[in-house]
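Novice: structure for this input, please:
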Amino acid sequence: MYNLLKQYRRQLLAVAAAFLMVAFLLPMQNLGGRDYRIGKIYGKAFYASEVQRATFHWNLLIQKIFTQSQFGLMPVSYELGQFAVDEMEQHSELFALLVAEARRHGAYVSDEMLRDKHQSLIIAPDIDMADPVAATNVNNALRDLMMVQQIFDRALSAIRISKPMLDFEIATRMQQVKMAAVDFRSADFLSQVPQPTAQQLEEQFNKYKDVLPATAGTATEDNPFGFGYRYPDRAQIQYVAVPLEEVRRAVEASKPADRWRVDARRHYIRNPHLYSTTTQSEGTTQPTSTTRPFEEVAQDALEAVIAPEVERQQAAIISRINQILTVDWNTFRAAKQGEVAQTSLGVPFDSYEYLQKLSERIEEQFKVKITLGASGTLLGANEFGQLGRIAEASTGAGVPFSMYATLTEQRRKDALRFMPGLPQVPELWQFSQTLRDEDSNIYIFRRTAFEPEHSPASLDEVRAKVESDVKTKLAFELARQAAEQFVSAARERGLMTAAEEAKKQVIDTGLISRQLGIVFGLHLSDAATDVFLGRAMEQLLSLRAQGQEQPIAAIPLEQDGRVIVARLDDVKADWTSNQTAMLSSLVDMSVMQRMNMPMQQQWFSFANVKERVRYEPDEIQAPEEPTQPQPPRTPLGI
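Specialist: Okay, here's the model as predicted:
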């Protein structure tokens, strides 16, 4: 039966999509077509119409009903979390099962709760909420969502944080500590690492060949080094930049300095309100408004005259560039295979020389030297920093260059839900929309080559990287062993004595805390700083609670290739007794938020939902020509 649903998932979604277009216009008493049982839940019959109804509601929630988030407008369905949304897309019947579970456990959404919910929502403009049928469909979809959320919240609230755990969390988060630290770096042990064996290389490659390399701060417990050999989406880039300073230089040079000064004085005379100041003379009760002398505001007046001219000239340059590129792109696309298109610049469109000729044309016309750049090789989104300031640019809709340059049709489709301003995926050699950085420099780029995300075909393709990573891992293990031996020596003979014997420097961190987020003297990366503070506070304070006066522990920091041996020297409370209740509440909330993600993954897992509702799919054959359900004529729902 599950295969049946998978087979007809496209039809279900297609029907639901059709419903979205007509459900608000046509009335009906029930779902049309031939309904049939598809299995059992809680020992009772479960019908295809229930899945169809839930699919219709889910499509409303993900396509037509939005809520405001820190990332902009998001489909309201994302209130259940990204994992839940992904699971819904993979399993057509999941939302129907969750709704059935919510009803069985007494979830209820009153009209008042529904009205309150509407206050934070934005409904797609093509849905007329004045139409009672449309309104009922939207409300039924929202009721289903809210009931599912209710049951999840109920399960989450059943988790209780013990007082010892809460006290420990407050201590590790809010206390200031002073440590003495000794640094063991894996780089110092690389010379002791033998050449990796063929088996070691093969095992390392096979384990991480389908894993994307982690960026700073994204390593996991299962992969603390952030190993990964899968290639991300990569693009080879050429770009044109119109630097604002170059435009300004050309604008300023277009007139003598004394002429600009005359224009600035004229602006000053015509706009005295922009340069007024308010004073109150002694013995008077009313303030007096006076215009500041020109010499005092001459630079501001000059800027007010020049800045608009710079903006206009930069816009004119971009307009001219786009005119040239549009004409030549159309010519290039229209050329027959094997034919070299004749461009307005006299050189092939798909060449770097084309950009050079473009630069010459713009400099000749506007007396502005534009900047050219190219990557020369395929780069992933995290590697674009080597291209310079363009890596910091974004489109007018806020789409960053790194995302735009590596955009694919699938990623665009996925991201459109919460980034409606996404541009079209650029073809090879097609120039992009304009992008702008914080200094108002403007960029246009094109992809000259593109390679979608994929795993390497063989070990040989990434052998050097794999070999380096194996050596790094082995060297880190040697550093860890040395650090553990040092910990034993320090506990036995004292930290300072052990440091002298090992010829190691002892670093005083001063008072530090997780709240402050800085570890003085160790020069850790941002990601390693968070890990160090979390692990050190947890381990050392735990050992102190067990009676050790100056506990010592080795703190591994895999992504930095370091193991820090730390001794707890002093602890200072960073809060007063009358703040304890407030801190308890805040920390309790923080811990619950931290637990929310793993709880979502357990709760909304299709396998777990099937088990909770005792879903037993019927092993039946699908109809050879399944009857298409008629468009709904009355609101779908209960």
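Novice: for the stretch 1-150 of the chain, what are the low-confidence residue spans?
Specialist: In the predicted model, the stretch 1-150 of the chain carries pLDDT under 70 at residues 1-33, 70-72.
Novice: roughly how far does Arg270 sit from Leu302?
Specialist: When CB to CB, to the nearest Å is applied, the distance between Arg270 and Leu302 equals 14 Å. From N, CA and C alone the C-beta is placed, and that goes for glycine too.
Novice: looking at these two, which has the bigger crowd around it?
Specialist: Counting neighbours by other CB atoms under 10 Å for Arg270 and for Leu302 shows that Leu302 has the greater number, 19 against 9.
Novice: thought that one was touching Arg261?
Specialist: Yes - the criterion here is CB atoms under 8 Å, and Leu302 meets it with Arg261 at 7.0 Å.
Novice: okay, now Tyr231: neighbour count?
Specialist: With other CB under 10 Å as criterion, Tyr231 counts 18.
Novice: next one: phi and psi at it?
Specialist: In terms of degrees, to the nearest 10, the main-chain angles of Tyr231 are phi -80, psi 130.
Novice: next one, pLDDT for it please.
Specialist: Tyr231 carries a pLDDT value of 95.
Novice: same check, this time on Gln593
Specialist: Looking at Gln593, its pLDDT is 57.
Novice: what's the burial count for Thr408?
Specialist: Using other CB under 10 Å, Thr408 has 13 neighbouring residues.
Novice: surely Glu202 and Leu459 touch.
Specialist: Yes - Glu202 lies in contact with Leu459 (CB under 8 Å); the separation is 6.4 Å.
Novice: between these two, who's got more neighbours?
Specialist: A direct count of neighbours by other CB under 10 Å for Glu202 and Leu459 places Leu459 higher, at 17 against 13.
Novice: how about the more buried one, what does it touch?
Specialist: 201-202, 205, 466 (CB atoms under 8 Å, 6 or more residues apart in numbering).
Novice: could those residues go into JSON lines alongside pLDDT?
Specialist: Putting those into JSON lines (pLDDT from 0 to 100) gives the following:
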{"residue": "Leu201", "pLDDT": "97"}
{"residue": "Glu202", "pLDDT": "97"}
{"residue": "Phe205", "pLDDT": "97"}
{"residue": "Val466", "pLDDT": "97"}
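Novice: I'd like to know which of those are buried.
Specialist: Using 16 or more other CB atoms under 10 Å as the burial test, the contacts of Leu459 include 201, 205, 466 as buried.
Novice: other SSEs contacting the helix ranked longest in the chain?
Specialist: In the chain, taking DSSP state H as the definition, the longest helix is helix 294-334. Judged by 3 or more CB pairs under 8 Å, 6 or more residues apart in numbering; DSSP states H and E, helix 294-334 is in contact with strand 234-242, helix 244-253, helix 257-270, helix 352-366, strand 442-451.
Novice: including mean pLDDT and distance to Ala502, could the ones you listed go into a markdown table?
Specialist: Shown next, in a markdown table, are these (pLDDT from 0 to 100; distance: least, CB to CB, whole Å):
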| stretch | mean pLDDT | distance to Ala502 |
| --- | --- | --- |
| strand 234-242 | 97 | 44 |
| helix 244-253 | 96 | 54 |
| helix 257-270 | 94 | 67 |
| helix 352-366 | 96 | 55 |
| strand 442-451 | 97 | 48 |
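Novice: give me the neighbour count for Ser191.
Specialist: 7.
Novice: likewise Ser319?
Specialist: The local packing of Ser319 (other CB under 10 Å) involves 9 other residues.
Novice: so what pLDDT did it get?
Specialist: According to the model, Ser319 scores 96 on pLDDT.
Novice: and for the one 5 residues further on?
Specialist: You'll see Ile324 listed with a pLDDT of 96.
Novice: mind checking how far it is from Gln365?
Specialist: Distance, Ile324 to Gln365, using CB to CB: 10 Å.
Novice: who has more neighbours, those two?
Specialist: Ile324 (18 against 11).
Novice: list the contacts of that one.
Specialist: Going by CB under 8 Å, 6+ apart, Ile324 touches 344-345, 358, 361.
Novice: same check on Ala415?
Specialist: Taking CB under 8 Å, 6+ apart as the contact definition, Ala415 lies against 403, 422.
Novice: how about 10 Å then?
Specialist: 399, 403, 407, 422 (CB atoms under 10 Å, 6 or more residues apart in numbering).
Novice: wait, Ala479 touches Ser186, no?
Specialist: Yes - look at Ala479 against Ser186 with CB atoms under 10 Å: they come within range, at 4.5 Å.
Novice: what's the overlap in contacts for these two?
Specialist: 556, 561-563.
Novice: quick check: which ranges of the stretch 451-600 of the chain have low pLDDT?
Specialist: 514-516, 573-596.
Novice: can you give me the strands in it?
Specialist: Counting by DSSP state E, counting those that start in this stretch, the stretch 451-600 of the chain has strands at residues 507-512, 552-557, 562-572.
Novice: from the contacts of Ile324, which is closest to Gly81?
Specialist: The closest of the contacts of Ile324 to Gly81 turns out to be Leu358 (CB to CB; 47.4 Å).
Novice: now for that closest one, how many residues are close by?
Specialist: For Leu358, the count of nearby residues is 23 (other CB under 10 Å).
Novice: ditto for Asp111
Specialist: Neighbours of Asp111 using other CB under 10 Å come to 9.
Novice: enumerate every residue touching it.
Specialist: Taking CB under 10 Å, 6+ apart, we find Asp111 in contact with 139, 143.
Novice: for the one 3 residues further on, same thing?
Specialist: Applying CB under 10 Å, 6+ apart, one finds that Leu114 lies in contact with 138-140, 142-143, 146.
Novice: in TSV: these, plus distance to Gly226 and secondary structure.
Specialist: Converted to TSV, the contacts of Leu114 look like this (distance: CB to CB, whole Å; DSSP: H, G, I helix; E, B strand; the rest coil):
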residue	distance to Gly226	secondary structure
Val138	44	helix
Asn139	46	helix
Asn140	45	helix
Leu142	41	helix
Arg143	44	helix
Met146	39	helix
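Novice: isn't Phe56 right up against Asn137?
Specialist: Yes - Phe56 is in contact with Asn137 according to CB under 10 Å; the separation is 7.9 Å.
Novice: more neighbours: which of these two?
Specialist: Per other CB under 10 Å, whichever of Phe56 and Asn137 has more neighbours is Phe56, with 28 against 25.
Novice: element containing the more buried one, please.
Specialist: Following DSSP states H and E, one finds Phe56 within helix 48-63.
Novice: tell me how far Gln299 lies from Leu274.
Specialist: Gln299 is 13 Å from Leu274, by CB to CB.
Novice: just Asp508 next, same as before
Specialist: Counting by CB to CB - Asp508 and Leu274 are separated by 55 Å.
Novice: so these two - more neighbours on which side?
Specialist: Regarding Asp508 and Leu274, a neighbour count based on other CB under 10 Å identifies Leu274 as having more, with 14 against 11.
Novice: spit out the contact partners of the closest residue to the more buried one other than its chain neighbours.
Specialist: Computed as CB to CB, 6 or more residues apart in numbering, the closest residue to Leu274 that is not its neighbour in sequence is Ala304, at 7.4 Å. Counting by CB under 10 Å, 6+ apart, Ala304 makes contact with 263-264, 267-268, 271, 274-275, 297.
Novice: now the buried members of those.
Specialist: Using 16+ other CB under 10 Å, the buried members of the contacts of Ala304 are 263-264, 267-268, 275, 297.
Novice: just put those in CSV and tack on distance to Pro243.
Specialist: Putting the buried ones among the contacts of Ala304 into CSV (distance: CB to CB, whole Å) gives the following:
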residue, distance to Pro243
Asp263, 24
Ala264, 24
His267, 26
Tyr268, 29
Tyr275, 30
Val297, 28
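Novice: tell me if I'm right that Leu97 and Phe606 touch.
Specialist: Yes - with contact defined as CB under 10 Å, Leu97 and Phe606 form a contacting pair (8.3 Å).
Novice: of those two, who's got more company?
Specialist: More neighbours surround Leu97 than the other of Leu97 and Phe606, with 23 against 17 (other CB under 10 Å).
Novice: all set now, cheers.
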